[in-house]
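Fold the following for me, if possible:
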Amino acid sequence: MSRYPDYLSPNATPTKLTKAQKSRARREPSGVFSLFQAPQIQQFKEAFQLIDHDKDGWVNESDLKEIFTSLGISPSKRMMEELLSARPGGHNRLSSYEESSGDRGINFTMFLTMMSERLFEFDTEAELLEAFVSFDENDSGTVKVEEMRKWLGEVGERMNEQEIDRLLKGPFTDRQGNFNYREWVKVLRVNDAEEGENSL
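Predicted coordinates for the structure are as follows:
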């Protein structure tokens, strides 16, 4: 017997989709799901489901300890408290639903958002902009795609062609081949909320 639910099995029989379901399937993913490729989301989902022992769709403190241990991370008590009390995007206040349920756990979307915030952690929007400004000779807020390709493929932590295409073929590149880094930085989730809280 497989340890995975039937619908995750590679041998699962496809279900017939309604017209509305097909339409939804063709839509672009939004939010945190657009930050990862489908196989990565599936890996996070499988990890989440394996950790969620009671299969209620929520992971609590003991579940989180297990997931971090399986990743080779020894979380501190403070880290665990922060993960379970913080909400994605810097919103630390629990919703009325969460308060009424008395459950200090996290669901899959919250889990994926928190993982993305940890994986794509940047200090401030200003630091990201500063990194691009040195290449923006005209202070136009854009850089040439050809130049970006060269930098991303040859300098520092090199990206492969597929990763570069994923970044540069999106909505931030115009028809003239300019990458609008100011708009790109605006949509990234950065830790400005944490910086603001620390200065209070």
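
Let me see the mean pLDDT of whichever strand or helix holds residue 162.
Assigning secondary structure by DSSP states H and E places residue 162 in helix 161-168. Averaging pLDDT along helix 161-168 gives 84.

Which strands and helices lie in contact with that helix?
Applying 3 or more Cβ pairs under 8 Å, 6 or more residues apart in numbering; DSSP states H and E, one finds that helix 161-168 contacts helix 145-154. Placement of C-beta: from N, CA and C, glycine included.

Could you measure from residue 184 over to residue 129?
Distance, residue 184 to residue 129, by Cβ to Cβ, to the nearest Å: 10 Å.

my bad, should have said residue 167
Residue 167 sits 16 Å away from residue 129, going by Cβ to Cβ.

Can you spell out which helices and strands pack onto the helix ranked longest in the chain?
Identified as the longest helix of the chain according to DSSP state H is helix 38-51. Counting contacts by 3+ Cβ pairs under 8 Å, 6+ apart, helix 38-51 packs against helix 61-70, helix 108-119.

Please work out which of those is packed deepest.
Highest mean neighbour count of those: helix 108-119, a mean of 17 (counted as mean count of other Cβ atoms under 10 Å).

Let me see the domain layout of the protein.
Here the domain assignment for the chain is 33-119, 125-187, based on automatic domain parsing.
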